[in-house]
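Visitor: I'll drop the sequence and a predicted model, then ask my questions.
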Number of protein chains: 2
Amino acid sequence: MRTYLDCIPCFMTQALRAGKTAGLKEKQIKELLDEVGSMIHTIPMESSPPEAGAVIYQKVREISKVDDPFLNVKKKNIGEALNLYPDLKKQVRQSKDPLLTAIRLAIAGNVIDLGVNRVFNLKKDIEQILTQDFAIFDYNAFCKHLEQAKTIYYLGDNAGESVFDRILIEEMHKPVNFVVRDIPVINDVTREDAIMAGLGKITKIISSGSAAPGIVPPLCNPAFMEQLRKADMIISKGQGNYEGLSKEPLPLFFLLKVKCHVIARDLGVSENSIILKQQKLS
Amino acid sequence: MRTYLDCIPCFMTQALRAGKTAGLKEKQIKELLDEVGSMIHTIPMESSPPEAGAVIYQKVREISKVDDPFLNVKKKNIGEALNLYPDLKKQVRQSKDPLLTAIRLAIAGNVIDLGVNRVFNLKKDIEQILTQDFAIFDYNAFCKHLEQAKTIYYLGDNAGESVFDRILIEEMHKPVNFVVRDIPVINDVTREDAIMAGLGKITKIISSGSAAPGIVPPLCNPAFMEQLRKADMIISKGQGNYEGLSKEPLPLFFLLKVKCHVIARDLGVSENSIILKQQKLS
């Protein structure tokens, strides 16, 4: 997805929120906003938003002098999600269509997103998403692909969300490569977070080689991209990965909750929609 | 009021909204955002937000090459307000306390604000504000001051809102100087707008000498400020004027609806509150 004009004030809002969450002092946050402001003219509108995100969060790391300013937030989110895990597993087992329930839960986990919406109420969101209609629902194609796929990549999004991803991956009953960010960016899932979420035992965790808050092919490790291009099925979680991959001719399934009006417009759905969308390959 | 960190992304949002409302093309809006972004490092946090606003809207004028990019929007707002005028006058006449009803209506008119909140439903807002409790209500002091005041200044805010200001000024039954922006900025009231709203017949319209979207003393004409400092009573409408004057030792009464969380925090009230606040003079 390209960068829209509306993304630009949002970059500033994200920088501000990141600075606050990272515990920076007012003077440091002003410095961060100064720097992000002064780089706006370098952002090409053709680039995808996570490319600017990569630079913004690099600045947060530089100014805070902390490699993972969101570490505590992520740990808390993962802990909370793990507390819910046993009940959610029971809910999946008892449902008529366990795979679909697990997909819904994986989307519900997507509300844990510092980048876009800091305020969330997990239990309430889970309840709502379990009954919400999908705005795009390519579930039959998803099931068909899953049945035949041998090489599956699952592109992680936020750290706490990865506990919910684990529930879906467990329901898929297939070997899965779980893709994480190379180094910490916002509250996105890294190798350490994925292990804490319990994904180390059931998937092969691999890094995209990039610190952008979304899989942006030109920013990823070329060897990783080569692997990804050979995949039979790629499950892409969240907005950041959608933004980076929405134009890529890959066997993608996008799984997300639409949390911003720009992405809603890009997808042709309304905000707060839930999406299971197969990539159109021309 | 000082500039808070939260104001900075809001400057970008305002620039974007201004560019869109002024009918700029995408490339021009990007240029505007680039310029506003690159000047963020020059904004001192001790300055009041309308000082940055003055620069932003100057950029909009420069890039659009139009002196009053919001002319049509303002004309439309004033026309809509004038259509409501006869019914509102009747409502004031029939009320138990016509002055207080007129104050409430003047605040209701304050919802016509492109700078902060573009979406408004005037009739619905009027109805609500006519019964809403004030979060700060220095009405007794207001009446007492009004009774004794000989020199009254009324600081206008938005163009459409000035029709509602007219209703309040008519209820005050005193000679009033109505203060307008020197040149067009956002949808703020200028001399021409005030005349269109019918204020030319009942007030002396004077310019602040400034194009900031709020009365910021150091940016105003010194002769105007000298006059203002001699006033017995100053009625300040809206957020922009509050931001510029909140620390000034003047006989001020602030009349506004709180439309942003930063001002809410500064005033110690919740967002969407309505305010009739006497300036504390130490």
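Guide: Structure's in. What do you need?
Visitor: can you show me the helices along the stretch 51-200 of chain A?
Guide: Along the stretch 51-200 of chain A, counting by DSSP state H, counting those that start in this stretch, helices occupy A:71-94, A:98-109, A:122-131, A:139-148, A:161-172, A:191-196.
Visitor: okay, the ones you listed, which one's buried deepest?
Guide: Comparing the helices of the stretch 51-200 of chain A by mean neighbour count (mean count of other C-beta atoms under 10 Å in any protein chain shown), helix A:161-172 comes out on top with a mean of 25. Where you see a C-beta, it was placed from the backbone N, CA and C, and this is true even at glycine.
Visitor: tilt between that one and helix A:98-109?
Guide: Here helix A:161-172 runs at an angle of 170 degrees relative to helix A:98-109 (axes from the mean of the first three to the mean of the last three C-alpha atoms, to 10 degrees).
Visitor: for residue A:5, what are phi and psi?
Guide: Here is the backbone geometry of residue A:5 (degrees, to the nearest 10): phi -60, psi -40.
Visitor: out of the helices of the stretch 51-200 of chain A, which is closest to residue B:91?
Guide: With C-beta to C-beta as the measure, helix A:122-131 is the member of the helices of the stretch 51-200 of chain A nearest residue B:91 (41.4 Å).
Visitor: packing partners of the closest one?
Guide: Here helix A:122-131 touches helix A:71-94, helix A:98-109, going by 3 or more C-beta pairs under 8 Å, 6 or more residues apart in numbering or on different chains; DSSP states H and E.
Visitor: can you redo these as CSV with distance to residue B:13?
Guide: Listed next are the helices and strands packed on helix A:122-131 as CSV, based on distance: least, C-beta to C-beta, whole Å:
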stretch, distance to residue B:13
helix A:71-94, 25
helix A:98-109, 28
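Visitor: if you average pLDDT over each of the helices of the stretch 51-200 of chain A, which is lowest?
Guide: Mean pLDDT values for these show the minimum at helix A:122-131, a mean of 87.
Visitor: with just CA atoms, put that one into PDB.
Guide: C-alpha atoms of helix A:122-131 as PDB (Å, rounded to 0.1, in the frame of the first residue of the first chain):
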ATOM      1  CA  LEU A 122      -9.100  -7.500  25.100                       C
ATOM      2  CA  LYS A 123     -11.900  -9.500  26.600                       C
ATOM      3  CA  LYS A 124     -14.600  -7.200  25.200                       C
ATOM      4  CA  ASP A 125     -12.900  -7.200  21.800                       C
ATOM      5  CA  ILE A 126     -12.600 -11.000  21.700                       C
ATOM      6  CA  GLU A 127     -16.300 -11.400  22.500                       C
ATOM      7  CA  GLN A 128     -17.200  -8.900  19.800                       C
ATOM      8  CA  ILE A 129     -14.900 -10.400  17.100                       C
ATOM      9  CA  LEU A 130     -16.200 -13.900  17.800                       C
ATOM     10  CA  THR A 131     -19.600 -12.900  16.400                       C
END
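Visitor: how far is that helix from where the chain is centred?
Guide: The chain centre lies 18 Å from the centre of helix A:122-131; the measure is C-alpha atoms, centre = their mean, to the nearest Å.
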